[in-house]
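A.B. asks: Below are the sequence and a predicted model for it; my questions follow.
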Amino acid sequence: MIAKTSIDHELCFSLLDWYDREKRDLPWRNTKDPWLILLSEVILQQTQVSRGILYWKRISERFPTVKSMARSDVDELLLLWQGAGYYSRARRLHALAVIVSTNEAEGGYDGIIPREYEELVKLPGIGPYTAAAVASIAFNTPVPVVDGNVNRVASRLLADPNPSLKAIRSWGQSLLHRDRPGDSNQALMELGALVCKPRKPKCESCPLSSKCSGRGNAESFPERKKNRKKIEYINALVMVDPSGLPFLTRRDDNGRFGGLWGPPMGDVDTEAKEKIGEISHQLSHRELRVSVWRGTCSEGIDPKSVPISNLDSKILAMVLGS
Ligand code: SF4
């Protein structure tokens with residue numbers, strides 16, 4: 001168990017000093033616009049920072065305000081989101097934009113991103129982490145964030161292989177600067193990303209090293225969770241028209257790759273079709289092994305005109321060539 005910590009001014013200032021010197025210059029750190037900050041947090045939920053920058057620029061240029069996204073068709077966002085994966089995020093982000101842009105009398109927020117954690121966490125696609133990040137970074141609300149980086153730093157610093165969420169939040173709260181809680185949160189996550197990394201942490205240059213109980217044995221914290229992925233075997237059928245275009249359908253909104261387009265997949269008739277090859281595709285909790293088949297159709301559509309997942313792009317490239 002972790003002992004409860006009181007406000008730790010030494011670590012709080014040491015961490016912020018380090019952050020002010022070493023933080024990466026990321027585009028969403030140069031704005032206080034809550035919509036653009038929320039957008040960055042949603043993109044970064046499951047996309048690496050280097051790629052997240054590209055998507056954030058692309059989407060924020062097209063949708064500079066929450067209302068501009070609310071007025072658009074979700075398919076336009078899905079097209080911009082193409083390649084970032086986890087497309088349900090994009091659909092939930094669009095639903096969020098619609099709700100926020102709705103009049104207050106009709107249950108919305110008049111186009112203003114709510115500032116309270118309790119309101120943010122009610123919105124589509126906004127979990128406790130994203131609500132805390134937006135509340136603290138955009139509105140200076142002193143609420144600690146807990147993500148994978150913060151979990152690792154807390155586990156090591158407190159030498160606890162499996163700290164509870166409550167314990168990490170309590171510890172994170174003790175590091176929040178009264179006037180800069182958003183920066184304190186970002187500093188902790190930045191430290192996990194740049195210094196207290198999963199492998200070979202740079203303890204010699206860590207601003208928290210003087211009070212780190214796990215230093216010297218850092219890589220044994222936190223306890224590693226076994227990650228055995230389920231394997232799912234499915235078929236995909238690419239039917240090609242005489243001009244070389246494939247038949248594509250829009251996937252069901254509530255299913256895998258919902259709202260995106262792709263060739264028929266799953267329960268498809270492969271009789272008298274030509275097997276082209278197999279593709280292995282990693283999802284967060286399972287591995288898909290896709291047998292790719294080729295058939296013919298009378299009329300296909302241009303794949304560049306619709307949003308398509310990475311997996312479907314690979315399937316089409318296998319049959320059509322890239
Ligand atoms: S001293 Fe090392 S293990 Fe401890 S928080 Fe810093 S980088 Fe992580």
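C.D. replies: Received, thanks.
A.B. asks: need the helices for the stretch 1-150 of the chain, in chain order.
C.D. replies: Ranges of helices in the stretch 1-150 of the chain, per DSSP state H, counting those that start in this stretch, are 9-22, 34-44, 49-62, 66-70, 74-81, 88-101, 117-120, 128-139, 148-157.
A.B. asks: ugh, wrong one, the stretch 151-300 of the chain
C.D. replies: Under DSSP H, counting those that start in this stretch, the stretch 151-300 of the chain gives helices at 165-174, 181-194.
A.B. asks: okay, Pro246: pLDDT?
C.D. replies: Confidence at Pro246, expressed as pLDDT, is 97.
A.B. asks: who are the neighbours in contact with it?
C.D. replies: By C-beta atoms under 8 Å, 6 or more residues apart in numbering, the contact set of Pro246 is Val238, Met239, Val240, Pro263, Cys297, Gly300, Ile301, Pro303, Leu316, Val319, Leu320. Placement of C-beta: from N, CA and C, glycine included.
A.B. asks: Of those, which pair is most distant in space?
C.D. replies: Farthest-apart pair in the contacts of Pro246 is Ile301 and Val319; separation 14.7 Å (C-beta to C-beta).
A.B. asks: Return the most buried member of the helices of the stretch 151-300 of the chain.
C.D. replies: Ranked by mean neighbour count under mean count of other C-beta atoms under 10 Å, the helices of the stretch 151-300 of the chain are led by helix 181-194, which reaches a mean of 22.
A.B. asks: Show me what that helix is packed against.
C.D. replies: When contacts are defined as 3 or more C-beta pairs under 8 Å, 6 or more residues apart in numbering; DSSP states H and E, helix 181-194 packs onto helix 9-22, helix 128-139, helix 148-157.
A.B. asks: Please state the offset of the longest one from the chain centre?
C.D. replies: The one in question is helix 9-22. 26 Å (C-alpha atoms, centre = their mean, to the nearest Å).
A.B. asks: Which positions in this structure make contact with the ligand?
C.D. replies: 153, 156-157, 195-196, 201, 203, 206, 208-209, 212, 214-215, 218 (C-beta under 6 Å from any ligand atom).
A.B. asks: Turn these into JSON lines, including pLDDT.
C.D. replies: Putting these into JSON lines (pLDDT from 0 to 100) gives the following:
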{"residue": "Val153", "pLDDT": "98"}
{"residue": "Arg156", "pLDDT": "98"}
{"residue": "Leu157", "pLDDT": "96"}
{"residue": "Val195", "pLDDT": "98"}
{"residue": "Cys196", "pLDDT": "98"}
{"residue": "Pro201", "pLDDT": "98"}
{"residue": "Cys203", "pLDDT": "97"}
{"residue": "Cys206", "pLDDT": "98"}
{"residue": "Leu208", "pLDDT": "97"}
{"residue": "Ser209", "pLDDT": "96"}
{"residue": "Cys212", "pLDDT": "96"}
{"residue": "Gly214", "pLDDT": "96"}
{"residue": "Arg215", "pLDDT": "95"}
{"residue": "Ala218", "pLDDT": "96"}
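A.B. asks: Derive a PyMOL selection command for the buried subset of the residues you listed.
C.D. replies: Remark: buried members of these, expressed as a PyMOL selection using 16 or more other C-beta atoms under 10 Å:
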select buried, resi 153+156+157+195+196+201+203+206+208+209+212+214+215+218
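A.B. asks: neighbour count winner among Ile301 and Val319?
C.D. replies: Val319 (20 against 14; other C-beta atoms under 10 Å).
A.B. asks: Show me what the strand or helix carrying that one is packed against.
C.D. replies: Using DSSP states H and E, Val319 sits in helix 310-320. Counting contacts by 3+ C-beta pairs under 8 Å, 6+ apart, the secondary-structure elements packed against helix 310-320 are strand 230-240, strand 261-262, strand 274-282, strand 286-296.
A.B. asks: Also compute the angle for the first one relative to strand 286-296, please.
C.D. replies: Taking axes from the mean of the first three to the mean of the last three C-alpha atoms, to 10 degrees, strand 230-240 and strand 286-296 form an angle of 20 degrees between their directions.
A.B. asks: Ser291 versus the residue lying farthest from the centre of the chain, what's the distance?
C.D. replies: Most distant residue from the mean C-alpha position of the chain: Ala272, 41.1 Å away (C-alpha atoms, centre = their mean). Using C-beta to C-beta, to the nearest Å, Ala272 is found at 15 Å from Ser291.
A.B. asks: just Tyr117 next, same as before
C.D. replies: Distance from Tyr117 to Ser291, by C-beta to C-beta: 46 Å.
A.B. asks: repeat for Glu271
C.D. replies: Distance from Glu271 to Ser291, by C-beta to C-beta: 13 Å.
A.B. asks: Look at those two and report which has more neighbours.
C.D. replies: A side-by-side neighbour count of Glu271 and Ser291, using other C-beta under 10 Å, places Ser291 first with 16 against 7.
A.B. asks: isn't the more buried one right next to Lys273, touching?
C.D. replies: No. Using C-beta atoms under 8 Å, Ser291 makes no contact with Lys273, being 10.2 Å away.
A.B. asks: so who does the closest residue in space to Arg169 that isn't next to it in sequence touch?
C.D. replies: Excluding its sequence neighbours, the residue lying closest to Arg169 (C-beta to C-beta, 6 or more residues apart in numbering) is Pro144, at 5.2 Å. Neighbouring residues of Pro144 by C-beta under 8 Å, 6+ apart: Ala132, Ser136, Val150, Ile168, Arg169, Gly172, Gln173, Leu175, Leu176, Asn185.
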